[in-house]
Structures are given as structure tokens and as C-alpha cells.
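# Model the following, please.
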Amino acid sequence: MPSALINVPAKAKRGSVIEIKTLMSHIMETGYRHTASGSVVPRDIITNFTCRFNGEEVFRADLYPAIAANPFITFFTTVTESGKFEFEWIGDKGFSETAQASITVE
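Here you go, the predicted model:
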């Protein structure tokens, strides 16, 4: 079962740049491997990652087969108000996972 680890500061000063770290548990099968009998192992990867803050997109990434299992994504953003980050991972075979984290701006 997939699970997300999110690291968002609990508090920040208005206008400061913060670092956000995410880790999604996922096997990320490339679709390039073959079984012992020669059959292709079907691709199963996370294809998109999106982060929204108070409903507005602040970061997006398209992922491809070269991404490692359990992809770790880190990025920076500026905060000007308190609110909620919403994270979404979408992938092959109907994969969809979401997570949330809040921040208080002083």
C-alpha cells in the first residue's frame, strides 16, 4: 500500500522561502525489464506530482521511467499566509495518492 512522507515546516515568517520534501512509497517499474520467460514486466510508475497551496498550484513535476523507486521530491516556495498544502501523485494502473500539510505564517 502506498504511503507518503511529507516534511513542511509548521511555522514560517511571512515572505520567507521554505523547503518542502516529499517521499512516496512506490515500486516504479520501468516497463523495460523482462521476466525469466522473456515477457515484459508492465510499466507501473508515478507520472505526475502536483503541490497546491490554498488551492493554487505552486509546483508540478512530470515523472518518467528513469525515476527511482520511492521517488523523493524536494522544492522551495515562498509563503505569505497561513494555509494548507495539498500534494497529489498520479500514475499508471489507476494509481492516485494525496496528502496534506498545514503551515502557520507569522
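# Make sure residue 5 is actually in contact with residue 20.
No. If you go by Cβ atoms under 8 Å, residue 5 and residue 20 don't touch, sitting 11.6 Å apart. Using the backbone N, CA and C atoms, a C-beta is placed for each residue, glycine as well.
# Compare the two and say which one has the larger neighbour count.
Counting neighbours by other Cβ atoms under 10 Å for residue 5 and for residue 20 shows that residue 20 has the greater number, 21 against 12.
# Just name whatever secondary elements whichever strand or helix holds that one is in contact with.
Following DSSP states H and E, one finds residue 20 within strand 17-24. Judged by 3 or more Cβ pairs under 8 Å, 6 or more residues apart in numbering; DSSP states H and E, the packing partners of strand 17-24 are strand 4-7, strand 46-53, strand 72-78, strand 83-91, strand 96-105.
# just how off-centre is that strand within its chain?
9 Å (Cα atoms, centre = their mean, to the nearest Å).
# Please spell out which residues along it are buried.
Burial within strand 17-24, assessed by neighbour count using 16 or more other Cβ atoms under 10 Å, is assigned to 18, 20, 22, 24.
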